[in-house]
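Peer 1: requesting a structural model of the entry that follows:
(3 chains)
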Amino acid sequence: MGRSPCCEKAHTNKGAWTKEEDHRLISYIRAHGEGCWRSLPKAAGLLRCGKSCRLRWINYLRPDLKRGNFSLEEDQLIIKLHRLLGNKWSLIAGRLPGRTDNEIKNYWNTHIRRKLLSRGIDPATHRPLNDDKVLERCPDLNLELTISPPRQPQSDQHHLKPVGRNSNLCFACSLGLQNSKGHCSCALNTANAASGHDFLALKTSVLEMK
DNA sequence: AACACGTACAACCGCAACAGT
DNA sequence: TACTGTTGCGGTTGTACGTGT
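Peer 2: Below you'll find the model as predicted:
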């Protein structure tokens, strides 16, 4: 026996959401807040699975979403973040307020990928497409990209979840997630507040890119 | 007008991570 | 520690719409 399906597929709607469904979902979340997606559809009177409700809310109905075209700044930030993080769309979305991982993923696949290819850049590696030849000539050349949070002084904060060797940072802050700001007081947030620099916000000289 | 093709994006699926017991 | 249920993520698909012929 495999695991049970996330929902009773026989009695759930699929495909595009109707205005009525959207309205029900918005009304329910306004009244009860987000969370408990599995039980939400039944409680809200929706014939959808919880995953579908969550996706619809996060990617389309959330009031703080920024609709419309990506700005040039957003465009460049996505490219920089993708170079650092790869296809970690949720992390990239964390640095772009009002944008969702799905939206960024789609935008990458439909616009940016093509743009990079037309410039002769491999969108997966961010290296010139003919870089293979360089590697053939220089097999020992190590172009591996690695990221790590900046070193922080020791502190006695104890609410933090250790992340590898950098046990003074919560994971969100170690990745420089904007959402984490204001919600935690780990070493990085404190330091950033003082210095005006933050990790992955690409203001740091360490990560400065041309 | 009708069709073919390309593009954009909403939505689905499967899996891994996480949380609770 | 092992197990189970839930959530979140990333890859992929489906389809509406625009454009060219």
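Peer 1: who in chain A is up against DNA strand B?
Peer 2: Neighbours of DNA strand B within chain A, by C-beta under 7 Å from any atom of the strand: A:6, A:13-17, A:48, A:51-52, A:55-56, A:59-60, A:102-103, A:105-107, A:109-111, A:114. Bear in mind the C-beta positions are built from the backbone N, C-alpha and C, glycine included.
Peer 1: A:Gly45 versus the residue lying closest to A:Ala93 once chain neighbours are set aside, what's the distance?
Peer 2: Among residues not flanking A:Ala93 along the chain, A:Asp101 sits closest, at 4.2 Å (C-beta to C-beta, 6 or more residues apart in numbering). Per C-beta to C-beta, to the nearest Å, A:Asp101 is found 28 Å from A:Gly45.
Peer 1: and A:Asn87, what element?
Peer 2: In the assignment (DSSP states H and E), A:Asn87 maps to no helix and no strand.
Peer 1: tell me the pLDDT of the residue lying closest to it once chain neighbours are set aside.
Peer 2: Nearest residue to A:Asn87, sequence neighbours excluded (C-beta to C-beta, 6+ apart): A:Lys105, at 7.7 Å. A:Lys105 carries a pLDDT value of 93.
Peer 1: and for A:Asn102?
Peer 2: For A:Asn102, pLDDT reads 93.
Peer 1: low-confidence bits of chain A, can you list those?
Peer 2: Within chain A, the ranges that satisfy pLDDT under 70 run A:1-11, A:131-210.
Peer 1: the residue nearest to A:Ala93 and A:Ile92 touch, don't they?
Peer 2: Yes - using C-beta atoms under 8 Å, A:Asp101 is in contact with A:Ile92, at 7.2 Å.
Peer 1: of these two, give the one with the bigger neighbour count.
Peer 2: Neighbour count, other C-beta atoms under 10 Å: between A:Asp101 and A:Ile92, A:Ile92 has more, with 24 against 18.
Peer 1: residues contacting that one?
Peer 2: A:78, A:81-82, A:85, A:101, A:104 (C-beta atoms under 8 Å, 6 or more residues apart in numbering).
Peer 1: can you flag the buried ones in the residues of chain A next to DNA strand B?
Peer 2: Burial by neighbour count, 16 or more other C-beta atoms under 10 Å: within these this picks out A:17, A:48, A:52, A:55-56, A:103, A:107.
Peer 1: and those, which two are furthest apart?
Peer 2: A:Arg48 and A:Tyr107 (25.6 Å; C-beta to C-beta).
Peer 1: mind giving me the domain ranges of chain A?
Peer 2: A:19-61, A:72-128 (the TED database).
Peer 1: helices of chain A, start to end?
Peer 2: For chain A, the helices defined by DSSP state H cover A:19-32, A:40-44, A:50-56, A:72-85, A:89-94, A:101-107, A:113-118, A:131-137, A:171-174, A:187-195.
Peer 1: buried deepest among those, which one?
Peer 2: Neighbour counts (mean count of other C-beta atoms under 10 Å) averaged over each of the helices of chain A peak at helix A:171-174, with a mean of 22.
Peer 1: look up how far A:Ile92 lies from A:Gly98.
Peer 2: Counting by C-beta to C-beta, the gap from A:Gly98 to A:Ile92 is 13 Å.
Peer 1: residues from chain A in reach of DNA strand C?
Peer 2: So far as C-beta under 7 Å from any atom of the strand goes, chain A lies against DNA strand C at A:3-4, A:6, A:15-16, A:35-39, A:50-51, A:54-55, A:87-91, A:101-102, A:105-106, A:109.
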